[in-house]
Structures are given as structure tokens and as C-alpha cells.
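Visitor: Build me a model:
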Amino acid sequence: MSDVEYNLLMQNDINTNGHTQWFYYQVKNTRKNLNVTFKIMNFTKPDSLFNYGMKVSIYSEKRAENEDLGWHKGGERISYYGNGIKKDITYTSKGYYTASF
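Guide: Next up is the predicted model:
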């Protein structure tokens, strides 16, 4: 079984005061038995519903075609945690968080 990891950075939503609320990424041309891990960094909230059982929304063209399954909740090893990166270099600065699934 192969593993692939993507490290992605959140950017502020356009026309806001620095909010990052949603994300959309896709993986194409995968093969059977490939484990894909997303690590999305630069979140600023200290906690997330991902830590309380919330799943990510997933869409698979193959599953939609073969199983008539559209968007659904899923994902494994979902977590949200402080990553040790600070917003600035002061002692009291707040840090960034990472969502991983």
C-alpha cells in the first residue's frame, strides 16, 4: 500500500478581515490502495469540530458512477491540533493550527 501526503496552506478568504472557513482540494489519477493524507495549515481557531467526531465531505467520481454515491462524510485519522508555528515572534503571540485527515 502506498502513501502520499499533501501539505497545504490556508489563505484568508477574499473580502474578509482574515477569516478562513472552508477549503476544497482534489486528488486526480489515483490508484487502488493509495493512502492520501491532507495536512491543511494556517487555521487560527484553537479548537475544531474535527476533534469531536466531525468528518470531511468527500466526493468520488468512481463511487458516484459505480455505487450512485455522491457527496458523503468520511475520512480516517481526522485531527486538528496546534502545530507550533506562531503568528509573530512575540512571547504572547497566538499560534496556527493544522487539520489532518
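Visitor: low-confidence ranges in this protein?
Guide: Across the chain, residues meeting the criterion (pLDDT under 70) sit at 1-2, 8-9, 11-22, 89-92.
Visitor: so D3 touches N33, yeah?
Guide: No: the criterion here is C-beta atoms under 8 Å, and D3 misses it with N33 at 10.1 Å. Every residue, glycine included, has its C-beta placed from N, CA and C.
Visitor: Mind listing what's buried along the strand ranked longest in the chain?
Guide: In the chain, with assignment by DSSP state E, the single longest strand is strand 34-43. Using 16 or more other C-beta atoms under 10 Å as the burial criterion, the residues of strand 34-43 that qualify are 38, 40, 42-43.
Visitor: Off-centre distance for that strand?
Guide: 5 Å (C-alpha atoms, centre = their mean, to the nearest Å).
Visitor: That one pairs with which strands?
Guide: strand 2-9 (parallel), strand 95-100 (antiparallel) (DSSP bridges).
Visitor: Point out the one among these that comes closest to N51.
Guide: Closest approach to N51 among the strands paired with strand 34-43 is made by strand 95-100 (9.7 Å; C-beta to C-beta).
Visitor: can you pull the alpha-carbon coordinates of that closest one into PDB?
Guide: Taking Å, rounded to 0.1, in the frame of the first residue of the first chain, the C-alpha atoms of strand 95-100 are listed here in PDB:
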ATOM      1  CA  GLY A  95      -0.300  30.100  17.100                       C
ATOM      2  CA  TYR A  96      -1.500  28.300  14.000                       C
ATOM      3  CA  TYR A  97      -3.400  25.000  13.800                       C
ATOM      4  CA  THR A  98      -3.400  22.100  11.400                       C
ATOM      5  CA  ALA A  99      -6.300  19.900  10.200                       C
ATOM      6  CA  SER A 100      -5.100  16.500   9.200                       C
END
